[in-house]
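Asker: Need coordinates for the following:
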Amino acid sequence: METVKPERRRPIALLSLPNTGSDWFASLLLKQNPALKYFREFFNPICNPKYEDELRGAFGCEMVDNYQMIAKPHGPCEEVYRRTWAREEYNFTKENYSAFNLRWFHGKFDCFVLYRRVEMTLPGGRLQVKTWYDAMYGSLIKNKWSLERDVRALIDFAAASADTIAKRQVPAFVIYYYKLLKDAHRYNMPVLDYEKLMQSSPEEVVYLVRELPGVVDAKQLAQDLCESRRPTQKNFGELRADAFFAQLTALARTCGGDWVAELAFQANGRRQPAGEKPVPAG
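Answerer: Next comes the predicted model:
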């Protein structure tokens, strides 16, 4: 019998990117833990009509007058938090535009990151996916000079080659996950690999999820994940960005090292072996 852990006092945040399976995972986390009170993307202004005008001052979404906030660091998150989340009774949210606010989320929430590689994410099956990633890319350009040097280097490389709408989705994916993964490792935050959820046995999945915040019955969660999982593969070649993606991820590995090792996946599905020197980005 799987040991039931006591409910945590701090709220929980699942941090990911759009179209990466976070809704699926959140639904099953809720199923095995009825004590969770969930609001889907509470801090996304477009998802929270009650507080949309408050939230847009610190958090971003794809709306034309708010996209610039997606990658904006150092917003008044604490002040907005007190006027919104602190007034409610929720204890679980998932956020897709959180990469550049991860330090703040870490201070308020027990967080974990869900990572899904690009071949399983882009291009999206819904037109909105293109809109989301284009807004994310635009926010990077808008906020470039407020961001760290390594992120600026990635933006500069991307801006020189992302000459189509389709290609702009690629640096948005890489750079936001770069930031999420780097800061997750910096703050010792769990990173859950979506592909491992797809390929592992139920016993192995128990091991993958048992220490995540909000998990009270790892065996039940693993069973539900394995029964409902549907492995997927996108036609990444449609974007005509294979070489661009490989060069950008190589540069990201050079900048971030082992902290962003998950980005070692190349567009052909090959994982760069540990210790292999990244291909130069030039």
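
Asker: so where's the stretch 151-282 of the chain uncertain?
Answerer: Residues of the stretch 151-282 of the chain that meet the criterion pLDDT under 70 lie in 264-282.

Asker: Show me where it has its helices.
Answerer: When assigned using DSSP state H, counting those that start in this stretch, the helices of the stretch 151-282 of the chain occupy the ranges 165-186, 194-199, 202-209, 218-228, 242-256.

Asker: Tell me how many other residues crowd Phe109.
Answerer: Residues near Phe109, counting by other C-beta atoms under 10 Å, number 22. No exception for glycine: its C-beta is placed from N, CA and C like everyone else's.

Asker: actually Leu30, not the one I typed
Answerer: So Leu30, with other C-beta under 10 Å, has 15 neighbours.

Asker: tell me which residues in stretch 142-157 are buried?
Answerer: Neighbour counts using 16 or more other C-beta atoms under 10 Å place 143, 147, 150-151, 153-155, 157 of stretch 142-157 among the buried residues.

Asker: Pull up the distance across it, start to finish.
Answerer: Looking at stretch 142-157, the gap from its leading to its trailing residue is 15 Å under the measure C-alpha to C-alpha, to the nearest Å.

Asker: contacting residues around that stretch?
Answerer: 67-68, 71-74, 100, 140-141, 171, 174-175, 178-179, 247-248, 251-252, 255-256, 281 (C-beta atoms under 8 Å, 6 or more residues apart in numbering).

Asker: ChimeraX command for the buried members of those?
Answerer: With 16+ other C-beta under 10 Å as the criterion, this ChimeraX line picks the buried residues out of these:
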select :67,68,71,72,100,140,171,174,175,178,179,247,248,251,252,255,256,281
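
Asker: For the closest residue to Asp110 other than its chain neighbours, give me its contacts.
Answerer: For Asp110, ignoring the flanking residues on the chain, the nearest one in space by C-beta to C-beta, 6 or more residues apart in numbering is Pro213 at 3.8 Å. Listed by C-beta under 8 Å, 6+ apart, the contact set of Pro213 reads 8, 10, 12, 110-112, 190.

Asker: again, only using 10 Å
Answerer: Remark: with contacts taken as C-beta atoms under 10 Å, 6 or more residues apart in numbering, Pro213 is in contact with 5, 8, 10-14, 29, 33, 36, 92, 109-112, 189-190.

Asker: Would you mind checking those residues for buried ones?
Answerer: Buried members of these, counted by 16+ other C-beta under 10 Å: 11-14, 29, 33, 36, 92, 109-112, 189.

Asker: Out of these, list just those in helices.
Answerer: Leu29 (DSSP state H).

Asker: all helices in the stretch 1-150 of the chain, in order from the N-terminus.
Answerer: With DSSP H, counting those that start in this stretch, the ranges of helices along the stretch 1-150 of the chain come out as 22-32, 52-55, 77-83, 102-108, 127-143, 149-161.

Asker: which other helices and strands contact the third one?
Answerer: Same thing as helix 77-83. If contacts are counted by 3 or more C-beta pairs under 10 Å, 6 or more residues apart in numbering; DSSP states H and E, helix 77-83 sits against helix 52-55, helix 102-108.

Asker: Could you export these as CSV, including distance to Ser161, mean pLDDT and mean neighbour count?
Answerer: Formatted as CSV, the helices and strands packed on helix 77-83 follow (distance: least, C-beta to C-beta, whole Å; pLDDT from 0 to 100; neighbours: other C-beta atoms under 10 Å):
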stretch, distance to Ser161, mean pLDDT, mean neighbour count
helix 52-55, 33, 98, 17
helix 102-108, 27, 97, 18
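
Asker: how about these in CSV, adding distance to Leu208?
Answerer: Compiled in CSV, those are given as follows (distance: least, C-beta to C-beta, whole Å):
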stretch, distance to Leu208
helix 52-55, 32
helix 102-108, 21
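
Asker: related to what we said a few turns ago, of all the helices of the stretch 1-150 of the chain, which lies closest to Ser201?
Answerer: Proximity to Ser201, assessed across the helices of the stretch 1-150 of the chain by C-beta to C-beta, is greatest for helix 22-32 (16.9 Å).

Asker: Tell me the buried residues in that closest one?
Answerer: Within helix 22-32, the residues that qualify as buried are 22, 24-26, 28-29, 32, counting by 16+ other C-beta under 10 Å.

Asker: Kindly report the same for stretch 208-219.
Answerer: Taking 16+ other C-beta under 10 Å as the neighbour-count basis, stretch 208-219 is seen to contain the buried residues 208-210, 212-219.

Asker: same question, stretch 47-64
Answerer: Buried residues in stretch 47-64, counting neighbours by 16+ other C-beta under 10 Å, are found at 47-48, 51-52, 54-56, 58-62.

Asker: Perfect, I'm done here.
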